[in-house]
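Asks: A predicted structure for the sequence below; I have some questions about it.
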Amino acid sequence: MSGPTVPPPRFAVVGNPENRRVALFADAVRAAGLPGPRVVPWTDVLRDGGADFAADETVRVDSPGENPEVDRLLRGAGDPTRVEGSARWYTGLVAALSGMRGGIRLDDPDDLAVLFDKRKCHAVLDAAGVPVPASPTSGPGGAPVRGWDDVRELMREHRMPRLFVKPAHGSSASGVLAVETGGGGRIRATTSVERAPDGRLYNSLRVRRYESEEAVAAIVDALAPDGLHLERWFPKASQDGRAADLRVVVVAGRATHAVVRTSRSPMTNLHLGGSRGDLEAVRRSFETAGARWADVLGVCERAAACFPRTLCVGVDLLPAVGWHGTAVGEVNAFGDLLPRLTGLPGSGAEGMDTYAAQVAAVLHDRHRTGTPHA
């Protein structure tokens, strides 16, 4: 005897209508034989102080980035290429999330508030036993960073001659500096930040190096009012002579998709000149070093489990030199934009892109429990 018929879900997406992520998710919804999702523009949410959703709407929140007007409403900056203003951006995002009413959420507002604060996210992962690079600024008891002098003191106190300085609320490597101490105490930093003659900071697609402590200090001092997170530099394994890490997408608790990112600079982001590496070769490297591939992916699943009310996250997994061990660099709320990539063997998402995998997970939960993402 069959159970009651479960009605198909109705989807709504909060996002920028022109965003590729929104289009790809909409394609996945329609490919599943469902009506295309209702798109609620971020501009409307921010101007109206929130949004209302029907009780039976399954709501997916997408990235508020990549739209100049949304950026202006969140940060108050007229130029979306500016780096400063991330604290105001974060405050505006959290307020907008709290103003969304009704619906069945695929992205929990409290989870998103943690995911977009690197200090809080690092502390949550560390408390759960997920391997992360050491940080003196993690969590509520972390050291404050009011400027370069504090960074210098923490480098000395924690014996960190190499470290990453990250805006607490940044994304896509915006404002990140890979700082190194050289001979004679010399300081240099690798970053995508471009410092204009008037001292303003801009995002650039060109990774550059600042060789003087004065220049590095000026950038850090400009970013510090927005909040900074420090992490010990984690020496990463390499592939074909290039630093390598992985972006692993976890959907409904399972690692479903992975891409290798390689670069000659410390930042492997693909938009900063990084390139896709050989995933099968990475798997072999781990196994040659004595690790089980399932355990490697399991680290990402443990990181995602820290945010159980959010359907999908993208985990940045850092392989240690020699492929002996891993650490989680970051967990990204909107880390699923991996075009043309299908699911990992044995993941249950074979043949699906990241968006189809999310729709399939919602449908599976709905048929299993009567509600999505239970």
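Replies: Nice, I can see it.
Asks: Surely Glu231 touches His122?
Replies: Yes - counting by C-beta atoms under 8 Å, Glu231 does reach His122; the two are 7.5 Å apart. For every residue, glycine as well, the C-beta is placed using N, CA and C.
Asks: which residues do these two both contact?
Replies: Residues touching both Glu231 and His122 by C-beta atoms under 8 Å, 6 or more residues apart in numbering: 132, 135.
Asks: Which one's more surrounded, the two?
Replies: More crowded of Glu231 and His122, by other C-beta atoms under 10 Å: His122, with 29 against 23.
Asks: Contacts only, for the more buried one.
Replies: By C-beta under 8 Å, 6+ apart, the residues touching His122 are 132, 135, 138-139, 229, 231.
Asks: How confident is the prediction for the closest residue to it other than its chain neighbours, by pLDDT?
Replies: Leaving aside its chain neighbours, His122 sits nearest to Ser138 (4.2 Å; criterion: C-beta to C-beta, 6 or more residues apart in numbering). What the model reports for Ser138 is a pLDDT of 95.
Asks: For Val260, report the pLDDT, please.
Replies: 96.
Asks: That one: helix or strand, and which one exactly?
Replies: For Val260, the host element (DSSP states H and E) is strand 254-263.
Asks: pull the CA atoms of that strand into CSV?
Replies: The C-alpha trace of strand 254-263 is given here as CSV (Å, rounded to 0.1, in the frame of the first residue of the first chain):
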residue,chain,number,x,y,z
ARG,A,254,28.0,14.0,1.1
ALA,A,255,31.0,15.2,-0.9
THR,A,256,29.6,15.3,-4.4
HIS,A,257,31.9,17.3,-6.5
ALA,A,258,35.6,18.3,-6.4
VAL,A,259,38.0,20.4,-8.4
VAL,A,260,41.7,20.8,-8.0
ARG,A,261,43.0,24.3,-8.2
THR,A,262,46.7,25.0,-8.9
SER,A,263,48.7,28.2,-9.0
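Asks: Flag the shaky bits of this protein, pLDDT-wise.
Replies: 1-5, 77-78, 367-374 (pLDDT under 70).
Asks: thinking again about what came up before, out of the contacts of His122, which are inside helices?
Replies: In helices, judged by DSSP state H, none of the contacts of His122 are found.
Asks: mind listing what the strand holding Val260 pairs with, with the direction of each?
Replies: For strand 254-263, the paired strands and their directions (DSSP bridges) read strand 242-251 (antiparallel), strand 275-276 (antiparallel).
Asks: chain center to the first one: distance?
Replies: The chain centroid and the centroid of strand 242-251 are separated by 11 Å, computed with C-alpha atoms, centre = their mean, to the nearest Å.
Asks: can you start the count at 53 instead of 1 from here on
Replies: Let's use 53 as the start, then, which means that last one is strand 294-303.
Asks: which of the strands paired with strand 306-315 is buried the deepest?
Replies: strand 294-303 (a mean of 25; mean count of other C-beta atoms under 10 Å).
Asks: Now do the contacts for Val65.
Replies: 74, 77-78, 89-92, 111-114.
Asks: got those as a markdown table, with neighbour count, distance to Arg62 and secondary structure columns?
Replies: Putting the contacts of Val65 into a markdown table (neighbours: other C-beta atoms under 10 Å; distance: C-beta to C-beta, whole Å; DSSP: H, G, I helix; E, B strand; the rest coil) gives the following:
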| residue | neighbour count | distance to Arg62 | secondary structure |
| --- | --- | --- | --- |
| Val74 | 21 | 16 | helix |
| Phe77 | 26 | 14 | helix |
| Ala78 | 19 | 13 | helix |
| Pro89 | 23 | 8 | coil |
| Arg90 | 15 | 8 | strand |
| Val91 | 20 | 13 | strand |
| Val92 | 22 | 13 | strand |
| Val111 | 23 | 10 | strand |
| Arg112 | 25 | 12 | strand |
| Val113 | 25 | 16 | strand |
| Asp114 | 22 | 17 | coil |
